[in-house]
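Undergrad: kindly generate the corresponding structure for this input.
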Amino acid sequence: MRPRRSALFMPASNARAIEKARGLECDVVILDLEDAVSPDQKALARDQAVAAVRAGGFGRRELVVRANGLDSEWGADDLAAIAGVAPDAVLLPKVSSPDTLRGARAALGAGPALWAMIETCRGIVDLPAIVAAAEETGLAALVLGPNDLAKEMRCRPGVDRAPLLPAMTNLVLCARMAGIAALDGVCNAIDDPARVEAECRQGLAWGFEGKTLIHPSQIAPANAVFSPSDDEVAWARAVVTAFDDPANAGKGAIRVEGRMVELLHRDEARRTLAIAEAVAG
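TA: Numbers count the residues shown, from 1 in each chain. Presented below is the predicted three-dimensional model:
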């Protein structure tokens, strides 16, 4: 299991930002060729992203490249260039149907996994069809795109993100149905760590395993919120230990520290311990 508590977008047009990313405490580095790059720097960003993937040096961090859409003038060239290197994944923007995944897979060959930005109304509505193509296309993660989604919906999310909550639920449900990852979208507040933390806690409560970020200052709160706490780890160990006791062999429900737990709690406890181990590693 790889932790994906913090997934930081870095503009691939900025060589200093790429170098800085190699030393940051984020779990995922996303070299961005799309939103963070102006049209006149698209080719430069592509070349620098490819060079960065080839050079490596990102350590334990998962390395992802966000390409431009296949319907843009840069998308095909992006995927052709990425196909020649080996990032961990390619993030596709504005995925609204499984055809986008199939087109990207055809362009990339059997290479990196696909991650899908879900940031359109159609993308939300057609999520079941999109995740149904996960095994066929190598789709490994869904990423909420709240800014573009809110624009298309013409909604005003506010601090509580209330208008987006149904879409967030749908995204998590479909990701779990397909057995793939679900990452919460970015928080636009750079100088408000309390708001970043609040959004991370909301995302955790909604079932996301991590959050995409736009600034290094957002890494620490994301890592803290999406890491199992000491109390959660202790409880998980107690549950797993109790079920491993030969005296409880074959039981579907047992008592642990005065609480009734079932096999589903054991499975969740094992997942908690796996996350904690991955974070520690």
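
Undergrad: elements contacting the helix or strand hosting Arg237?
TA: Here Arg237 sits within helix 230-244, counting by DSSP states H and E. Counting contacts by 3 or more C-beta pairs under 8 Å, 6 or more residues apart in numbering; DSSP states H and E, helix 230-244 packs against strand 253-256, helix 263-280. C-beta coordinates here come from the backbone N, C-alpha and C atoms, glycine included.

Undergrad: distance between the last one and the chain's centre?
TA: Computed by C-alpha atoms, centre = their mean, to the nearest Å, the separation of helix 263-280 from the middle of its chain amounts to 18 Å.

Undergrad: with stretch 157-168 instead?
TA: Worked out by C-alpha atoms, centre = their mean, stretch 157-168 lies 18 Å from the chain centre.

Undergrad: who's sitting farthest from the centroid in this protein?
TA: Outermost residue of the chain with respect to the C-alpha centroid, by C-alpha atoms, centre = their mean, is Ala247; its distance is 40.1 Å.

Undergrad: need phi/psi at it.
TA: With angles defined as degrees, to the nearest 10, Ala247 sits at phi -70, psi -20.

Undergrad: and what of the one 3 residues further on?
TA: Backbone torsions for Gly250, taken as degrees, to the nearest 10, come to phi 80, psi 0.

Undergrad: count of residues packed around it?
TA: Using other C-beta atoms under 10 Å, Gly250 has 5 other residues around it.

Undergrad: and if you look at Leu165?
TA: 13.

Undergrad: contact partners for it?
TA: Residues counted as contacts of Leu165 (C-beta atoms under 8 Å, 6 or more residues apart in numbering) are Trp206.

Undergrad: gap between it and Leu263?
TA: 30 Å (C-beta to C-beta, to the nearest Å).

Undergrad: Cys155 too?
TA: Cys155 sits 40 Å away from Leu263, going by C-beta to C-beta.

Undergrad: what about the two, which has more around it?
TA: Cys155 (15 against 12).

Undergrad: which residue packs closest to that one, ignoring adjacent ones?
TA: Spatial nearest neighbour of Cys155, chain neighbours left out: Pro163 (3.7 Å); criterion: C-beta to C-beta, 6 or more residues apart in numbering.

Undergrad: that neighbour: neighbouring residues, count only.
TA: When neighbours are defined as other C-beta under 10 Å, Pro163 has 16 of them.

Undergrad: pretty sure it sits against Glu152.
TA: No: the pair Pro163 and Glu152 does not pass the contact test of C-beta atoms under 8 Å, sitting 11.7 Å apart.

Undergrad: please enumerate the strands of the stretch 1-150 of the chain.
TA: Assigned by DSSP state E, counting those that start in this stretch, the stretch 1-150 of the chain shows strands spanning 6-11, 28-32, 62-66, 89-92, 113-118, 139-144.

Undergrad: okay if I get these as a markdown table plus mean neighbour count and distance to Phe226?
TA: Compiled in a markdown table, those are given as follows (neighbours: other C-beta atoms under 10 Å; distance: least, C-beta to C-beta, whole Å):
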| stretch | mean neighbour count | distance to Phe226 |
| --- | --- | --- |
| strand 6-11 | 25 | 7 |
| strand 28-32 | 27 | 12 |
| strand 62-66 | 25 | 14 |
| strand 89-92 | 25 | 18 |
| strand 113-118 | 26 | 17 |
| strand 139-144 | 25 | 14 |
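
Undergrad: can you lay out those strands as TSV showing distance to Val225?
TA: Formatted as TSV, these follow (distance: least, C-beta to C-beta, whole Å):
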stretch	distance to Val225
strand 6-11	10
strand 28-32	15
strand 62-66	19
strand 89-92	22
strand 113-118	21
strand 139-144	16
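
Undergrad: make TSV out of those strands and add distance to Pro228 and mean pLDDT.
TA: What follows is those, written out as TSV (distance: least, C-beta to C-beta, whole Å; pLDDT from 0 to 100):
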stretch	distance to Pro228	mean pLDDT
strand 6-11	15	98
strand 28-32	18	98
strand 62-66	19	98
strand 89-92	24	98
strand 113-118	24	98
strand 139-144	20	98
